[in-house]
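Enquirer: Structure for the following, please:
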Amino acid sequence: MNYLTTDTSEEEQEGLHTQTTRRKRILVVDDEYDICMVYQMVLEDDGYQCISYTDPVKALQEFRPNYYDLILLDIKMPVLNGFELCKKIIELDRTVHIVFITASEEYYEEFRSQHFPELGKVNYI
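Expert: Now for the predicted structure:
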């Protein structure tokens, strides 16, 4: 006995299947090449599609709105720090989730007090 009925065409069902099977895309921006490569290896091993940049300016220039599911950002980078990059990315894509990753505890207070209230879907590790 069939309890599930659907009014979707085969083409629509194929589109739904494609949406659910697409690998999640993660953008990594860190000025240290080795860090980017470690993130990329681990994330790709877990089945994610990972794009990484060591140059935050280039990452911004090549950023595609509504493309990434998650962005991992270093904070301390030359020319354009993670906070500045985050603000510019949010201007282009207000739906993307962003996580700051840094080895320095000193940035937490700056992040929490100065940047977090206005950034929206942003977290900090």
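Enquirer: where does this structure have low pLDDT?
Expert: Applying pLDDT under 70 to the chain flags the ranges 1-20, 104-125.
Enquirer: 50 instead, please
Expert: Residue ranges of the chain with pLDDT under 50: 1-9, 13, 16-18.
Enquirer: All the helices of it, residue numbers only.
Expert: Secondary structure of the chain (DSSP state H): helices located at 10-21, 33-45, 56-61, 82-92, 106-110, 116-119.
Enquirer: what packs against the fourth one?
Expert: Other helices and strands packing on helix 82-92, by 3 or more CB pairs under 8 Å, 6 or more residues apart in numbering; DSSP states H and E, are helix 56-61, strand 70-73, strand 97-100, helix 116-119. Yep, even glycine has a C-beta here, placed from its N, CA and C like the rest.
Enquirer: And the third one, what does it pack against?
Expert: What it means is strand 97-100. Using 3+ CB pairs under 8 Å, 6+ apart, strand 97-100 sits against strand 70-73, helix 82-92, strand 122-124.
Enquirer: a markdown table for the helices and strands packed on helix 82-92, including distance to Asp34 and mean neighbour count?
Expert: A markdown table is the format used below for these (distance: least, CB to CB, whole Å; neighbours: other CB atoms under 10 Å):
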| stretch | distance to Asp34 | mean neighbour count |
| --- | --- | --- |
| helix 56-61 | 17 | 16 |
| strand 70-73 | 15 | 23 |
| strand 97-100 | 19 | 18 |
| helix 116-119 | 27 | 12 |
